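Engineer: Whatever this is, show me its structure:
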Amino acid sequence: MKGDIEHRLWYDNIAIQDLSAHRTGAWLADRPCNMKGSKAYVFPDKAMLALLDQVAQG
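Structural biologist: Alright, predicted model coming up:
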């Protein structure tokens, strides 16, 4: 995710102090991420909702 933020800062020519924390967090949660040692990709927002469903049912 660090690389994604750095790319956004450089590509969109945005100053870091102009980034909205909430908007950046939502943008990162909606992007596929892979985990170290795994070839599978996860969408953080969907993974969090699935985890919350498990906790609510358990």
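
Engineer: For the closest residue in space to Met35 that isn't next to it in sequence, grab phi and psi.
Structural biologist: Leaving out its chain neighbours, the residue that sits closest to Met35 by Cβ to Cβ, 6 or more residues apart in numbering is Val42, at 6.7 Å. In this view, the C-beta of every residue, glycine as well, is placed from N, C-alpha and C. Here is the backbone geometry of Val42 (degrees, to the nearest 10): phi -130, psi 140.

Engineer: Identify the residues contacting Val42.
Structural biologist: Contacts of Val42 were listed using Cβ atoms under 8 Å, 6 or more residues apart in numbering, and they are Pro32, Cys33, Asn34, Met35.

Engineer: The helix ranked longest in the chain: how far from the chain's middle?
Structural biologist: For the chain, the helix that runs over the most residues, judged by DSSP state H, is helix 44-57. Mean-position distance between helix 44-57 and its chain equals 15 Å (Cα atoms, centre = their mean, to the nearest Å).

Engineer: May I have it exported as CSV, CA atoms only?
Structural biologist: Presented in CSV, the C-alpha positions along helix 44-57 are these (Å, rounded to 0.1, in the frame of the first residue of the first chain):
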residue,chain,number,x,y,z
PRO,A,44,-9.6,-5.4,2.1
ASP,A,45,-13.1,-4.0,2.4
LYS,A,46,-14.7,-7.3,1.4
ALA,A,47,-12.3,-9.3,3.7
MET,A,48,-13.2,-7.1,6.6
LEU,A,49,-17.0,-7.5,6.0
ALA,A,50,-16.5,-11.3,5.8
LEU,A,51,-14.5,-11.3,9.1
LEU,A,52,-17.2,-9.2,10.8
ASP,A,53,-19.9,-11.6,9.6
GLN,A,54,-17.9,-14.5,11.1
VAL,A,55,-17.6,-12.8,14.4
ALA,A,56,-21.3,-11.9,14.5
GLN,A,57,-22.3,-15.5,13.8
